[in-house]
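K.L.:
Below is the sequence, then the predicted model.
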Amino acid sequence: MKTDTIAAIATALSDSGIGIIRVSGDEAVEIIDRIYRNKRNEKTLAKYDSHTIHYGYITEEEGAVIDEVMVSVMKSPRSYTTEDTVEINCHGGILMMRKILETVIKAGARIAEPGEFTKRAFLNGRIDLSRAEAVMDIIHAKNDFALQSSVKQLKGSVSDKVRNLRDDILYEIAFIESALDDPEHISLDGYHERLSEKTDMLMTELDKLLVSADDGRMLKEGIHTVIVGKPNAGKSSLLNLIVGEDKAIVTDIAGTTRDTLEEVVSLGGISLNIIDTAGIRSTEDVVEKIGVERAKKISVDADLILYVVDSSMPLDENDRDIIQLIQDKNTIILLNKSDLDEIVREEDVIREINRIRNDKTENALRVVRTSTKFDSGIEELIHLIKEMFFHGKISYNDEVYITNMRHKEAIQDAKDSILQVRKSLDMDMPEDFYSIDLMSAYASLGKIIGEEVGDDLVNEIFSNFCMGK
Amino acid sequence: MSEIREKVDVCVVGAGHAGCEAALACARLGFETVIFTVSVDSIALMPCNPNIGGTSKGHLVREIDALGGEMAINIDKTFIQSKMLNKSKGPAVHSLRAQADKSEYSRAMRKVLENQDNLTIKQAEVCEILTEEFDSSSDSENCIASRRVTGIKTFTGAVYECRAVVLCTGTYLKARCLCGEAITNTGPNGLQAANYLTDSLKSLGIEMRRFKTGTPARMDGNTIDYSKMEEQFGDERVVPFSFNTDPEAVQIDQVSCWLTYTNQDTHDIIRANLDRSPIYAGIIEGTGPRYCPSIEDKVVKFADKERHQVFIEPEGIHTNEMYVGGMSSSLPEDVQLAMYRTVPGLENCKIVRNAYAIEYDCIDPRQLYPTLEFKDIKGLFSGGQFNGSSGYEEAAAQGLIAGINAALSLSGKDPVILDRSQAYIGVLIDDLVTKENFEPYRMMTSRAEYRLLLRQDNADLRLRQIGYEAGLVSEEVYQKTLDKKKMIEEEIIRLKNTVIGAARENQDFLAAHGSTALKTGTNLAELMCRPELTYEVLAKIDPKRMPLPADVIEQVEIEIKYEGYIERQMRQVEQYKKMEKKRIPADLDYNDISSLRLEARQKLIAFKPVSVGQASRISGVSPADISVLLIYLEKKRI
C-alpha cells in the first residue's frame, strides 16, 4: 500500500536550467534513499544532518544512473510542511524532471494533490492564519482545474477503454458478492478458472494502457492550436497542408466543415495538437450552427490561434466576431489566398484588431502571407511557431504531464491490485479475498475518468443477479 | 376529564425486534422504562421469514450479543434448525442462520421483557410525541436541537412524561396491506395499524417517506408433497449465536427445510396476471427492496431465467404452517393459489395465510445523528424499519444502539457510536444516516469495506469492551473475553517463536502432508500459512503445545493464515480513522466557509455531519471540499 509521503515537481515545468522535485512525509528520507547514492555508491541520506545538501546520483532500481543531482534534506519540523522533506535539484528539462518524479513514485511516494504541500504546511501549523482563506481558495481552484483538465485531456478512446475495463471488473465483483450474500441461489463452482482467465485479460489490457501512458498516447498533448476563420477562408486546406494528407474535406462551398477536426502533428520537434473548426459566421443551418458554437468554445482553451483571413475578400462582421473571440490569445494571422487579388492587406487586419483589442501593447501581432493553393508561406509559418515556442511565448500545458503521471500511477495501482488477485488465486484463497483487490482496481481506474465508487456495486448486484427470498 | 399521567424515564414505542432491544437496554441500564405495543401478543413477532441470521445478518446478531443485547440468546433458546453459511469461503463471510420456532421466539422474548426490572409492558397505541422548546445554547453538549422530548400520549389520552423516547414503529405507521385488489388498512399479519403518530411526527418537522415490502404465503404442511422436494438439513454440529451459550446446549434434534423450483407454468400464470398486481397496476406507491423481490419482480426482471428456487420452511414445531421462501407476492388470492400449485410438491397445497405486500410510513434517517437521536429533537431516538431498514437483525441492532444511547444521554455519558471499522452495526448506521437510500436497507457483506476484520467469529473481541463500558456486559463476561484475548495473543507469539529446523523428521512430516520441503529453518506460524497445514495438523511437530479452547484456536488460525490481508486492511483502517476522529462542531456555520462549492455547502448544511470522515461520505462533497473543511476547522481551533 502507498504511504502518505507525497512528491511533486516544485519548479516550473519548462526547459529551464535546474528543476526541483520535492518530497514530503514520514518516509521521505527512506524513499529517496532507495534511489539515491553518493559518489562512493552509498545510500546514506538517513545519516545526514538536517538542512544539509549532498552531491550524488538518482538511479533506477537496477542501478542505472538517471541524473546527477544535489539532494537537500530537511528534517521535521524545520521544513515548509514541517514533515521530513527531501528536495532533489536535478538538471532541468521536462523529460528529466518527469523521469525523476516517476522514479520517486515507484520508490513509494505518491503524487501530491494540487495544493497539498501548502495544505499540509497549514494543517501542521506552519502557515499563519491570515493565509488560511487564500490556501482554501487555491486548493479549490487547483483541484477543479486539475479535474477538468484531466478529463478533458483524456482521449475519447482511452476513456472508453478504461470504462470498459471498469465495467468488466465490476461485473466480476458483483458476481462474487452476490454469491457470498446469497450462497443458496448463486454458486461459485468453477469460478476460479473463469476469474483466472479474466485476470490474464485485465493484465494484458492494463499493460497496454501503461505503454500508451509512457508514450504519452493517452492524452491530447502538445500545443493546443486552433484554426479559426470565417467560412471558406481555407482553414481545412491549411490543416491538410500541415498534416500532409487530405484529412479535411475541402470544397469551395462555404460551410463545408461543420464540426471540428483534430490532428496531432510534429513540426520540427514541437508537438502541435491542431484543431480545425467550422467557419465562424451567423448561420441558420442547425448542424453548422452547432459547429460554430463548438469552434467558439474550443478557441477559449487554445494555446495558439491560427487565424485564417481570406485576403481576397473584405473584412466583415464575421471577422470582427472572430477578432472579438481571440483578442487575448497568442495569434498568428494568415493572410491566405495571397495568389489572388489582395483586397485585405496586413495593415488592414492589424488596424482592425487593434481597434477591437483593449490592450494594444500585449501580444505582438504576427502575420504570414500564405497560399494554401500553391503551398507558399507554410515554411514561414512553421518557423514562426518554433520561434514563439523557443522564446517561451507559447508552451505545453504543464498539467498534461502531471495528469499523465497521475493516470499512470492509477493504472499501475490497478495492475498491482490485479496481481494481488492472481496471487490469491494461486494460493487458493477463498473467493471473498478476490473481490477486495478487484474493488481496489476498480477504484484506481475510476480516478482516471474522475468517477468514484459510490453505490456502483450494490446497483450492479441487483441489476445482474437475481437474489433473495 | 381525568386522564392517566405517569412519570417514567424512557418510553419505547413498538415491541418488535428493535423495540425489545431498546427497552431492555434502557431498563438494564437502570432507567424506568415503558414499552408500548398495539398488541402484547405480538411482542418480537416475526411476520415474515422464519429465521434469524444469514449472510451479514448473522454478523449483526453476534455483534448484538457482544454488546449485551438479547437477540442471540433468544434464538439459541428457540431455534429448530441451524446452518453456518459460506463455510467453503473465507472466515469473513461465514454466517450463521437459524430457523426459529416463531411463536416460541416471541414467547421467550416476552418472558425476558416481563422479568426485566424497571420495565413495564403496556398495550396502547401511541398517538403523539410531546415536546417543549429547547434552548440548545444552554446545553453543555454539542447540540443544535430546537425542541426536547417531554413525553408521549396514547390513543386513550394517557400521558407518560419521560425524558427520552425511542421510536421503533416498524411497518405499522399508516400501514396498508395489499393482496391483489383486496386492500386493508392493517399492519403485518392483520394487526392493527398505527394511524395517528405520523401526523404528530410531521408536526414536529420530521420528514416522512413511504416504503413497501412483502411476504409470501404460508401453506398447510399437510397438503405439501415433500417427496418431490430436496430435503435441506441443518449442520451436524450446531454453533450457537451467543458467545454466552454453552455449545453443548444447542445440539438438538433439528427439523428440515425443503427445496423446490418454479417453472415455466408458474411464470406464465404470473405474466398473464401482471395487470392485477398492485405494483404493476400502479396502486402501490412505496419503494420496495431490490434484494427480496416478489416473484412477479423476479419473473419480469430476469425473464430468461427458467426457474427460481423455492424454500419451504417450517414456521415452528407446534404448527403445520410452512413458509414459502422465494415467492413473496401481492397478486390476488386466486392467482396466488394457481401459481403456487404449479410448483412441484405444491400441486394440492392449501394456503393458510395469503401472500401480501405492505406499505408503511418511515423516515429518511439522515435526520438522525449516528447515535440514532434526531438532530432537531433532543431525547427523541429511533430504530428499526422506522429508520428505513429491513430485516429483524438490522432492526434489533439499531434498537440496541438507540436504547443504549437514550440511556447514556440520560446519565450524561458519552454515546456509543460504532464506526465502519468496528462493526457491521457501524456500517449499517453510518450508511443509514449518511447515504441517500431509496429502498428498505438490508445489510450485505459487500457494504462492509473492512470485512476481514469484522468477522462473526471475533465480534466478542471487537465489541465486548464497548458493551462493558456502556454497562450492559457484566464484569464476569468481560473478564472472560479479556482472558480469551490474552490466550490468543500468547499463542500467536509462541507459534512465531517456535523454530522448526530442516531436520529429517520435520521434512518427513511435511512430505506426508503434501507440503514442500524446508530449505532453512522456519517457525510454526510460517508453516501455518501454507494452505495444507492447519493448527491441528501441526500438533505432531509441536510437542510443547498446551490444550486451548476451540474458539481460541480458531482465532489463532485465522489471524496467522490471513495475516497479510488482515494487516493491509488494518492499514486502510488507520487512514480511515484519522478522518473519523476529526469532529465537526454541531454549530459550525458552513456559510462562513466561502471556498466551499455551493453544492457541498448545501449538502453539509442539510446533513450536519459529526466528523470529517462522515462528511467525506456524503455524495456531492468532493475531496477538495474536505481539504477546505479541514483547513477551516484548523483555523477555528487555533
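P.N.:
Good, I have the coordinates.
K.L.:
Up against chain A, what does the stretch 451-600 of chain B have?
P.N.:
Residues of the stretch 451-600 of chain B lying near chain A by CB under 8 Å from any CB of the partner chain: B:451-452, B:531, B:562, B:565, B:568-569, B:571-572, B:575, B:593-595, B:597. The C-beta positions use only the backbone N, C-alpha and C, and glycine is treated the same way.
K.L.:
Could you rerun that using 6 Å?
P.N.:
With CB under 6 Å from any CB of the partner chain as the criterion, the stretch 451-600 of chain B meets chain A at residues B:531, B:571, B:595.
K.L.:
Among these, which are located in helices?
P.N.:
residue B:571 (DSSP state H).
K.L.:
In ChimeraX, select just the buried ones from the residues of the stretch 451-600 of chain B next to chain A.
P.N.:
A single ChimeraX command selects the buried members of those (16 or more other CB atoms under 10 Å in any protein chain shown):
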select /B:595
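K.L.:
Point out the least confident one among the residues of the stretch 451-600 of chain B next to chain A.
P.N.:
Lowest pLDDT within those is found at residue B:595 (81).
K.L.:
what about it, distance to residue A:115?
P.N.:
According to CB to CB, to the nearest Å, residue B:595 stands 11 Å off from residue A:115.
K.L.:
which non-adjacent residue is nearest the residue of the stretch 451-600 of chain B found nearest chain A?
P.N.:
Residue nearest to chain A within the stretch 451-600 of chain B (CB to the nearest CB): residue B:595, separated by 3.7 Å. In this structure, residue B:595 finds its nearest non-sequential neighbour in residue A:136, 3.7 Å apart by CB to CB, 6 or more residues apart in numbering or on different chains.
K.L.:
Tell me if that neighbour really is in a helix.
P.N.:
Yes. Under DSSP: H, G, I helix; E, B strand; the rest coil, residue A:136 sits within a helix.
K.L.:
Can you give me the pLDDT of it?
P.N.:
At residue A:136, pLDDT is 74.
K.L.:
show me the contacts for it.
P.N.:
Contacts for residue A:136 (CB atoms under 6 Å, 6 or more residues apart in numbering or on different chains) come out as B:595, B:628, B:631.
K.L.:
Can you give me the distance of the last one to residue A:138?
P.N.:
When you say that, I think you mean residue B:631. Taken as CB to CB, the span from residue B:631 to residue A:138 is 10 Å.
K.L.:
Which one's more surrounded, these two?
P.N.:
residue B:631 (24 against 16; other CB atoms under 10 Å in any protein chain shown).
K.L.:
Could you grab the helix/strand/coil label for the more buried one?
P.N.:
helix.
K.L.:
Contact partners for it?
P.N.:
Residues near residue B:631 by CB under 6 Å, 6+ apart: A:122, A:132, A:135, A:136.
K.L.:
Tell me the confidence at it?
P.N.:
Value for residue B:631, per-residue pLDDT: 84.
K.L.:
In space, not sequence, find me the middle residue of chain B.
P.N.:
Nearest residue to the geometric centre of chain B (CA atoms, centre = their mean): residue B:394, 2.2 Å.
K.L.:
Dihedrals phi and psi, the residue of the stretch 401-550 of chain B found nearest chain A?
P.N.:
Closest contact between the stretch 401-550 of chain B and chain A, by CB to the nearest CB, is at residue B:446 (4.0 Å). Here is the backbone geometry of residue B:446 (degrees, to the nearest 10): phi -70, psi -10.
K.L.:
Skipping its backbone neighbours, what lies nearest it in space?
P.N.:
residue A:177 is the one closest to residue B:446 (CB to CB, 6+ apart), at 4.0 Å.
K.L.:
Do a quick rundown of the strands in the stretch 501-638 of chain B.
P.N.:
Along the stretch 501-638 of chain B, counting by DSSP state E, counting those that start in this stretch, strands occupy B:522-523.
K.L.:
show me where pLDDT drops low in it?
P.N.:
When residues are selected by pLDDT under 70, those of the stretch 501-638 of chain B lie in B:638.
K.L.:
Let me have the contacts of residue A:136 in JSON lines, adding distance to residue B:469 as columns.
P.N.:
Shown next, in JSON lines, are those (distance: CB to CB, whole Å):
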{"residue": "B:595", "distance to residue B:469": "40"}
{"residue": "B:628", "distance to residue B:469": "36"}
{"residue": "B:631", "distance to residue B:469": "34"}
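K.L.:
For residue B:366, state which of the residues you listed is nearest.
P.N.:
Checking these against residue B:366 by CB to CB gives residue B:628 as the nearest, at 22.0 Å.
K.L.:
picking up where we left off before, the residue of the stretch 451-600 of chain B closest to chain A contacts residue B:628, correct?
P.N.:
Yes. If you go by CB atoms under 6 Å, residue B:595 and residue B:628 touch, sitting 4.8 Å apart.
K.L.:
so where does residue B:149 fall, helix or strand?
P.N.:
strand B:147-154 (DSSP states H and E).
K.L.:
For that strand, name the packing helices and strands.
P.N.:
Here strand B:147-154 touches strand B:126-133, strand B:159-161, going by 3 or more CB pairs under 6 Å, 6 or more residues apart in numbering or on different chains; DSSP states H and E.
K.L.:
tilt between that strand and strand B:126-133?
P.N.:
150 degrees (axes from the mean of the first three to the mean of the last three CA atoms, to 10 degrees).
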